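In: my questions are about this predicted structure, shown below with the sequence.
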Number of protein chains: 2
Amino acid sequence: MSGFQRYKKILDLFSEERSSWTVLEISKSLKSPSSTIYRIVREMVMAEFLESASGSYFRLGPAFIKFNRIIKFSDPLVRAGQPFLKKLANENPITSVNVLARLYGNNVMCVADYKSPSFKKNTSYQRGKLMPLIYGATSRAIIMQITGKRLEDLINLENFKSDEDKKNFLKDLKSDRKKGYCFTEGQVDKGLIGFAVSISNKKLGIEASLSSIFNLDDFLLEHEPLIYANLTTYGLLVEKYINEIFEDIQKYHHETNSIG
Amino acid sequence: MSGFQRYKKILDLFSEERSSWTVLEISKSLKSPSSTIYRIVREMVMAEFLESASGSYFRLGPAFIKFNRIIKFSDPLVRAGQPFLKKLANENPITSVNVLARLYGNNVMCVADYKSPSFKKNTSYQRGKLMPLIYGATSRAIIMQITGKRLEDLINLENFKSDEDKKNFLKDLKSDRKKGYCFTEGQVDKGLIGFAVSISNKKLGIEASLSSIFNLDDFLLEHEPLIYANLTTYGLLVEKYINEIFEDIQKYHHETNSIG
DNA sequence: TCTATTTTTTTTATATTTTGAGAAATTAAT
DNA sequence: ATTAATTTCTCAAAATATAAAAAAAATAGA
């Protein structure tokens, strides 16, 4: 274990289900001597990436809240898209969960979400949660904008039930790409359906999607046109704002570089 | 630069104002050779603590969103207190911002907040933001539960305008401790007033506060009793729930330890 | 309070890792 | 196609991490 991995491995032990660990538990779990772990943990506590709790337990530290906040207020996708999620929810014909998600490594991560107050069911799409790459409209609207070798590499990391399944997935992807939007039913959460459009910005390296998720029970065929119209409109708006933010950033960097 | 500091120093460059950096900029800023920085940045990108953006810029990575989420759903204080903030807002006689904050190092950090929809002004208390230790009711309700050498150490790190100021601060602290709640006016944001009570849990090492912030213009003296009643009631409720969560955690750890 | 136990820090020599300068390779821009 | 910018690679020297044991400090129990 060396470099950043040394620290990352410890952090990766912490989860929603298991949010506090003692040094001894960490040491057992990573099969490293406790004196070493004590030293590393102390370093991370000083850097506020861990904090000590009672009973010699440690938990994730405030640094994550701090940096999360910085991302929230500065990430172009979040900054551009966040304000529209509520509007989208309000304009949808039935109650919905509206999600901005993006590709992170081999997963899709929800980076912002807004749920209509009257939406009762819990969905899997909540900010910060990693989602499967090949299920759900949210993910598909992201992956459908990727092509060539990159797509192949990503797909090859996934476990399809059969070769047949894989073929079908690629076929659907192709046709959705043509249509410009995605629809899936119950792939991630039972009883829910999803609609999604792609969001992208080459210059900023953003490969994302905007999606609306509904209760299957609420949904009528006559809702569909409005749903697509909303997603398409807001999708374009978000892309426009991302672009404006990009130009602001460029301007800012230009200024600071020429001064300093 | 060694150990975790190596990585921390780079992360600390990123801020709301300046959220993307090139390797060269980092290298200049930290006065380290770029080949070294390239190596370190690559490591952090692989660990998802940084991600590359366009134009050879890098920004904070998705790991922060992920770990922030884990904290949000597992931190006892947040878990216990978050659900009450909205209720508190609704029961307050005038529109308010309601905040859960806790001591982190030498600062106070807001860990959850709820603003009444009709509250117009922006306040400094937003989740993840670091606040001064000696200004505002939110902070005072935290620091007033600390005594002895620890208090001395914390206070000594602060810059008071004069010794007189410091004395007065300590005197106010003492009397607030007796009263069991704090009130301040315009110490953090002009035109706003704050009321706060302490929240603590020794076993979990939590030193926190629950506070309500109002527009000075909205406030009438007759509101005060209800404000205090609400804060006190919800403060006790939050402490009760923290305790229940603590017992759950203990139970869970006991189970997992005896099995594994 | 004193004692036993657990947690944390310190101390070592040794093994491992990081460093940084420059060269080489890759990528992007003109 | 050429040039410039970005990123990776190499390697020996320098710096740091490691782990085992011992010491110290903190905590719990009687």
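Out: Perfect, I can see it now.
In: would you confirm that A:Thr123 contacts A:Ser212?
Out: No. With contact defined as Cβ atoms under 8 Å, A:Thr123 does not reach A:Ser212; the gap is 11.1 Å. No exception for glycine: its C-beta is placed from N, CA and C like everyone else's.
In: quick one: which of the two has more around it?
Out: Between A:Thr123 and A:Ser212, counted using other Cβ atoms under 10 Å in any protein chain shown, A:Ser212 has the larger neighbour count: 26 against 21.
In: secondary structure element holding that one?
Out: strand A:206-215 (DSSP states H and E).
In: quick one: strands adjacent to that strand?
Out: Paired neighbours of strand A:206-215 in the sheet (DSSP bridges): strand A:96-104 (antiparallel), strand A:192-201 (antiparallel).
In: and those strands, which is most packed in?
Out: The highest average neighbour count among those, using mean count of other Cβ atoms under 10 Å in any protein chain shown, belongs to strand A:96-104 at a mean of 26.
In: need phi/psi at A:Glu222.
Out: Main-chain torsions, A:Glu222, degrees, to the nearest 10: phi -70, psi -10.
In: can you pull the contacts of it?
Out: Applying Cβ atoms under 8 Å, 6 or more residues apart in numbering or on different chains to A:Glu222 gives no contacts.
In: do you know how far it is from A:Pro93?
Out: Separation of A:Glu222 from A:Pro93 (Cβ to Cβ, to the nearest Å): 8 Å.
In: equivalent analysis for A:Gly180, please.
Out: Distance check for A:Gly180 against A:Pro93: by Cβ to Cβ, it reads 20 Å.
In: next: A:Trp21.
Out: Separation of A:Trp21 from A:Pro93 (Cβ to Cβ): 47 Å.
In: which parts of the stretch 151-260 of chain A are helices?
Out: Listed in chain order, the helices of the stretch 151-260 of chain A (DSSP state H, counting those that start in this stretch) span residues A:163-179, A:224-259.
In: and those helices, which one averages the lowest pLDDT?
Out: For these, mean pLDDT drops lowest on helix A:224-259, to a mean of 81.
In: where does the stretch 51-200 of chain A have low pLDDT?
Out: Across the stretch 51-200 of chain A, residues meeting the criterion (pLDDT under 70) sit at A:54, A:105, A:148-150, A:153.
In: at 80 what do you get?
Out: A:53-55, A:104-106, A:128, A:146-154, A:156-157 (pLDDT under 80).
In: what does it have sitting close to DNA strand C?
Out: The stretch 51-200 of chain A has residues A:52, A:55-56 near DNA strand C, with proximity defined as Cβ under 7 Å from any atom of the strand.
In: how about a cut-off of 10 Å?
Out: Neighbours of DNA strand C within the stretch 51-200 of chain A, by Cβ under 10 Å from any atom of the strand: A:52-58.
In: ok, the residue in the stretch 51-200 of chain A that DNA strand C sits nearest to to A:Leu24 distance?
Out: Closest approach of the stretch 51-200 of chain A to DNA strand C (Cβ to the nearest atom of the strand) occurs at A:Ser56, with a separation of 3.6 Å. Distance, A:Ser56 to A:Leu24, using Cβ to Cβ: 8 Å.
In: overlap of the contact sets of A:Thr123 and A:Ser212?
Out: Jointly contacting A:Thr123 and A:Ser212 under the rule Cβ under 8 Å, 6+ apart are A:Val97.
In: coming back round to it: is the residue of the stretch 51-200 of chain A closest to DNA strand C in contact with A:Ile26, as I believe?
Out: No. Contact criterion Cβ under 8 Å: A:Ser56 and A:Ile26 do not qualify, at 11.2 Å.
In: higher neighbour count, those two?
Out: Just comparing A:Ser56 and A:Ile26: by other Cβ under 10 Å the higher neighbour count belongs to A:Ile26, 21 against 12.
In: give me the most central residue, chain A.
Out: In chain A, the residue lying closest to the centroid (Cα atoms, centre = their mean) is A:Met109, at 1.6 Å.
In: quick check, that residue in a strand?
Out: Yes. Counting by DSSP: H, G, I helix; E, B strand; the rest coil, A:Met109 falls inside a strand.
In: can I assume it is in contact with B:Phe64?
Out: No. Checked against Cβ under 8 Å, the pair A:Met109 and B:Phe64 is beyond contact range at 11.2 Å.
In: nearest to chain B: which residue in the stretch 101-250 of chain A?
Out: Closest residue of the stretch 101-250 of chain A to chain B, Cβ to the nearest Cβ: A:Gly128 (2.9 Å).
In: excluding covalently adjacent residues, which one is nearest to that residue?
Out: B:Arg69 (2.9 Å; Cβ to Cβ, 6 or more residues apart in numbering or on different chains).
In: what's the spacing between stretch A:193-200 and its chain's center?
Out: 13 Å (Cα atoms, centre = their mean, to the nearest Å).
In: for stretch A:93-100, same thing?
Out: The chain centre lies 16 Å from the centre of stretch A:93-100; the measure is Cα atoms, centre = their mean.
In: again with stretch A:227-240
Out: Here stretch A:227-240 is found 19 Å from its chain centre; the criterion is Cα atoms, centre = their mean.
In: same question for stretch A:183-203.
Out: In terms of Cα atoms, centre = their mean, the centre of stretch A:183-203 is found 12 Å from the chain centre.
In: does it reach DNA strand D?
Out: No. Applying Cβ under 10 Å from any atom of the strand, one finds stretch A:183-203 separated from DNA strand D by no less than 13.7 Å.
In: sorry, back to before: which residues touch the residue nearest to the centre of chain A?
Out: Per Cβ under 8 Å, 6+ apart, neighbours of A:Met109: A:101-103, A:128-131, B:62, B:65-66.
In: farthest residue from the center of chain A?
Out: Distance from the centre of chain A peaks at A:Ser35, with 36.7 Å (Cα atoms, centre = their mean).
In: my guess is that residue is in a helix, correct?
Out: Yes. With three-state DSSP as the criterion, A:Ser35 is part of a helix.
In: sorry, back to before: so which of A:Trp21 and A:Pro93 has more stuff around it?
Out: A:Trp21 (23 against 16).
In: if we can go back for a sec, ok, the residue of the stretch 51-200 of chain A closest to DNA strand C - contacts?
Out: A:22-23.
In: at 6 Å what do you get?
Out: Residues near A:Ser56 by Cβ atoms under 6 Å, 6 or more residues apart in numbering or on different chains: A:Thr22.
In: ok, A:Gly81 to DNA strand D distance?
Out: Using Cβ to the nearest atom of the strand, to the nearest Å, A:Gly81 is found at 25 Å from DNA strand D.
In: no further queries at this time; thank you.
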